[in-house]
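# sequence and predicted structure below; questions after.
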Amino acid sequence: MSSLMKKAKFLILGLICFIVLHLYFGFGNLLNYSFLDRQLMIENQFTNGYVSERMRWLHFFAWTPTNVAGLFASSIGLYLAYQAHRGNFFTIGFGLGLWYLGVAVIIAGLTDMMARSIVPHILSAENPAGQVPISLFFSAEIFGLVFCGFGFLAMGNTMLEATRLSEENKGFV
């Protein structure tokens, strides 16, 4: 158990770096693409050179839920790594943390799929050649993300049940 507690220190450092990079690249690139570097969106294949402020805001809000869910999942992972560093594995908080991590990862995957499906439609709204219809986007990465989310849900439920059984057994002794 002490080996896991020591390894959790490295996981904490890695997750802090990942959260900072997620803020920088996720939100930073989104802000840059939507508002700060106006030429990026104009050069997109779907815009045909014309971009309205409404399109910029819609693009920004289409990707925001994915970024927020990813940041939330990373923060929960940081909480779990801290709990592991303290040796709090079989607690209700750890089990619930795994469960919430699963929910956040599933939401991140589904909102990613949704954003990738509607962004071409949003960006082509002012296109003289016609607006691209909304089409379902699905990839192996999204499937893997949602699948991992269900895995975290299952692990969280297992940890909660193990904790409940442990508490119940302590009552008999």
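Thanks, I have the structure now. For clarity, every value in this text was computed on a predicted model and none was experimentally measured.

# now residue 166: closest residue in space that isn't a chain neighbour?
The spatially closest residue to residue 166, leaving aside those adjacent along the chain, is residue 90, at 5.8 Å (CB to CB, 6 or more residues apart in numbering). For glycine as for every other residue, the C-beta is placed from the backbone atoms N, C-alpha and C.

# residues contacting that neighbour?
For residue 90, the contacting residues are 159, 162-163, 166, by CB atoms under 8 Å, 6 or more residues apart in numbering.

# check residue 52 too.
When the contact criterion is CB under 8 Å, 6+ apart, the partners of residue 52 are 125-126.

# ok, residue 112 next?
The contact partners of residue 112, taken as CB under 8 Å, 6+ apart, are 66, 142, 145.

# in which helix or strand would I find the residue nearest to the last one when sequence neighbours are not counted?
Distances taken as CB to CB, 6+ apart put residue 109 closest to residue 145, at 3.5 Å, once the chain neighbours are dropped. Using DSSP states H and E, residue 109 falls within helix 92-123.

# and for residue 56?
Under the assignment given by DSSP H and E, the secondary-structure element containing residue 56 is helix 53-85.

# buried ones in that helix?
By 16 or more other CB atoms under 10 Å, the buried positions in helix 53-85 come out as 55-56, 58-60, 62-85.

# just stretch 30-39 next, same as before
With the criterion 16+ other CB under 10 Å, stretch 30-39 contains buried residues 30, 33-34.

# now, which of these lie within helices?
Among these, DSSP state H puts residue 30 in helices.

# in the chain, where is pLDDT below threshold?
Screening the chain residue by residue with the criterion pLDDT under 70, one finds the ranges 1, 173.

# so which residue is smack in the middle of it?
residue 70 (2.1 Å; CA atoms, centre = their mean).

# how many neighbouring residues does residue 3 have?
Number of residues near residue 3 (other CB atoms under 10 Å) recorded here: 7.

# name the residues that touch the helix or strand hosting it?
In this structure, residue 3 sits in helix 2-21 according to DSSP H and E. Helix 2-21 is touched from outside by 71, 74-75, 77-78, 81-82, 84-87, 89, with contacts defined as CB under 8 Å, 6+ apart.
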